[in-house]
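K.L.:
Need a 3D model of the sequence below.
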Amino acid sequence: MIKLLVTDLDDTLYSWIDFFIPAFYGMLDELSLILNIPKDDLLDEYQQTHQEKRSVEYPFATLLLPSVKASYPGKTKEELLNILNPAFHRFNSIRKRKLELYSGVEETLKKIVEMGIKIVGYTDSAEENGFYRLKKLGIDNYFQSVYVSDSQFERPDNLPASEKTQIVYGKKPNPSVIQKICQQESISIKETVYLGDSLTKDIYMAKRAGTTAVLCKYSCDKKVQEELYAKLIAISHWTKSDFEQEKRIKDICKTENIHPDYIIHAFDEILPIIQELNNISL
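P.N.:
Modelled structure (predicted):
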């Protein structure tokens, strides 16, 4: 009997790249105008900063750019935020417009909860990014817990951590994290379904942990996605070793025939899978 659904967040419940890249590059356009510095130069600085912070979503990474520091020496953080507000406003306005759930996500989460199944989230994002998006999308109430990565970001006193979030150490794919989540939720591995969009991170990890693994493979405009991905690479915190690890895991999956137990092309297709698994266990 399935009692727990562990789900990835980005690109499983909503498209991360479809909102983040347009929002980031909109901010970049504004920042280039404010500083009168070519965008390509700023992109190099962003990538270096993101790699230092090990996150492409480090809050206010803009304030750490060498060009910003050189342009406004001696300015306080509050002064810089005010000066650069048009750039941040551009990011926020585009994000607000483009961040949206995939079709059927909220309705499906509601039905899963009504079935008596506990839902928890697991993301490599820090709380101020991953959990924040669940709140903005109005679906945080369906989650019992959300397991997030630790953050270097110094949280302001007026932004307390949510009681629902728990920090896990170590990035995907780490099978022991899934096992610890099941232990924390007092549910066995065999009573758990894991849902995610990445073969090398989500599915590899879930199969190694021993859970039923479901791969989200939604339809998309491949040309648009390739263009967005190229823009992401230009600012990414990923290093050469990250790409090498990705290739190693792909090779392992191929050699050891590691594959998802199920593939879904729409979020609500998880429902008949859960029902099938429950019928098998009767």
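K.L.:
for stretch 107-117, what is the average pLDDT?
P.N.:
Mean per-residue pLDDT for stretch 107-117: 97.
K.L.:
Please read the previous query as pertaining to stretch 69-81.
P.N.:
Rounded to a whole number, the mean pLDDT of stretch 69-81 is 95.
K.L.:
Dump it to CSV, keeping only the CA atoms.
P.N.:
Taking C-alpha atoms only, stretch 69-81 is exported to CSV below (Å, rounded to 0.1, in the frame of the first residue of the first chain):
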residue,chain,number,x,y,z
LYS,A,69,31.3,46.8,-6.5
ALA,A,70,33.6,48.8,-8.8
SER,A,71,30.7,51.1,-9.9
TYR,A,72,29.5,51.8,-6.4
PRO,A,73,32.3,51.6,-3.9
GLY,A,74,31.4,52.3,-0.3
LYS,A,75,27.6,51.8,-0.9
THR,A,76,25.7,49.9,1.7
LYS,A,77,23.5,46.9,0.7
GLU,A,78,20.4,48.9,1.2
GLU,A,79,21.8,51.7,-1.1
LEU,A,80,22.7,49.1,-3.8
LEU,A,81,19.3,47.5,-3.6
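K.L.:
quick one, strands of this structure?
P.N.:
With DSSP state E as the criterion, the chain has strands at 4-7, 118-126, 145-149, 165-168, 192-196, 212-216, 262-264.
K.L.:
looking at the ones you listed, which has the lowest confidence?
P.N.:
strand 165-168 (a mean of 85).
K.L.:
Report the strands that pair with that strand, each with its relative direction.
P.N.:
Next to strand 165-168 in the sheet, as set by DSSP bridges, lie strand 145-149 (parallel).
K.L.:
Model confidence for W238, exactly?
P.N.:
Per-residue confidence (pLDDT) for W238: 83.
K.L.:
meant to ask about S162, not that
P.N.:
Taken from the predicted model, the pLDDT recorded for S162 is 75.
K.L.:
What number of residues are in the vicinity of it?
P.N.:
Using other Cβ atoms under 10 Å, S162 has 16 neighbouring residues. C-beta here means a position set from N, CA and C on the backbone, and glycine is covered the same way.
K.L.:
Does anything pack onto the longest helix along the chain? Which helices or strands?
P.N.:
The longest helix of the chain (DSSP state H) is helix 16-35. Helices and strands in packing contact with helix 16-35 are listed as helix 39-53, helix 66-71, helix 85-98, helix 222-233; criterion 3 or more Cβ pairs under 8 Å, 6 or more residues apart in numbering; DSSP states H and E.
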